[in-house]
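Undergrad: Predicted model and sequence below, questions to follow.
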Amino acid sequence: MTRKLYALSGADRTRPFSPHVWKTKLALAHKGLEFEVAPVGFTEIPSLEQGATKIVPLLRDGETLVSDSFNIALYLEEAYPERPTLFGGESGTAAARFVEGWSQMTLHPAIGRIAIIDIHDRLEPADQAYFRRSREERFGKTLEAVAEAGQADLESFSAKLEPLRHMLKFQPFLGGVGPLFADYIVFGALQWARVVSRHRLLAAGDVVSDWFERCLDLHEGLGRSVTAA
């Protein structure tokens, strides 16, 4: 059975950058499941699988279609219970929900502002037009103005990682001695920045940097299969 993962990419289709896609790629690898990546641009998403989704990642697993990275992880956990767990039980699923909320409410907005011009510049022309229009409507200002405001996010980004930094004083991964989906959630956000942006968000010698390097090495170096911008 061939699994297909639809992944958001820019003009260079070998460099998927969506944080949610990266979460899913590592979740599939964690489960030891083979899959192929189908890169798509923003404007191609509405036509995927006869309009099955408005977002990616979208996973086709045989006859099953699942969208949204957390829903995909839940599906994989239920469909392949004999393979390594992504959550470690119900309490782990609840903790991962909390981590996802923290990441998407704290890290994603900051990275989005920091990297907004980098993202735009890496897209195909049709996707650039869509991205500029949709983001300027969302923010109520030009991309350039958003990027200017993002300088403050760049300066304060390290402080946003304090909850993660605190936890990593006690264990090598959010999942404990080994990674779980909670790790992949935060990794996805930081991998997004690594792949798409010229800005470097992590300092050498930081426990978060060390954790991120460990995550890049997971699953035969899957995270390193795409080089840094």
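TA: Structure received. Model, not experiment: these values are computed from the prediction.

Undergrad: check contacts around residue 114.
TA: Each residue near residue 114 by Cβ atoms under 8 Å, 6 or more residues apart in numbering is listed here: 147, 150, 153-154, 157, 193, 197, 199, 201. From N, CA and C alone the C-beta is placed, and that goes for glycine too.

Undergrad: Looking at neighbours, which among the residues you listed is most surrounded?
TA: residue 193 (25 neighbours; other Cβ atoms under 10 Å).

Undergrad: Neighbours of the closest residue to residue 173 other than its chain neighbours, how many?
TA: Of all residues not flanking residue 173 in the chain, residue 179 sits nearest, at 4.6 Å (Cβ to Cβ, 6 or more residues apart in numbering). A count of nearby residues for residue 179, using other Cβ under 10 Å, gives 22.

Undergrad: what's the helix or strand for residue 179?
TA: Per DSSP states H and E: residue 179 is located in neither a helix nor a strand.

Undergrad: so it sits right up against residue 27, yeah?
TA: No. Contact criterion Cβ atoms under 8 Å: residue 179 and residue 27 do not qualify, at 10.2 Å.

Undergrad: got a pLDDT number for residue 179?
TA: Model confidence at residue 179, given as pLDDT, is 98.

Undergrad: What distance do you get for it to residue 160?
TA: Distance of residue 179 to residue 160, given as Cβ to Cβ, to the nearest Å: 21 Å.

Undergrad: swap in residue 173?
TA: According to Cβ to Cβ, residue 173 stands 19 Å off from residue 160.

Undergrad: swap in residue 36?
TA: 34 Å.

Undergrad: Can you get me a residue count around the nearest residue in space to residue 8 that is not next to it in sequence?
TA: Closest residue in space to residue 8, ignoring its immediate chain neighbours: residue 18 at 3.9 Å, by Cβ to Cβ, 6+ apart. Using other Cβ under 10 Å, the number of residues around residue 18 comes to 22.

Undergrad: For the longest helix along the chain, give the mean pLDDT please.
TA: Across the chain, the longest stretch assigned as helix under DSSP state H is helix 143-160. Confidence over helix 143-160, taken as the mean pLDDT, stands at 97.
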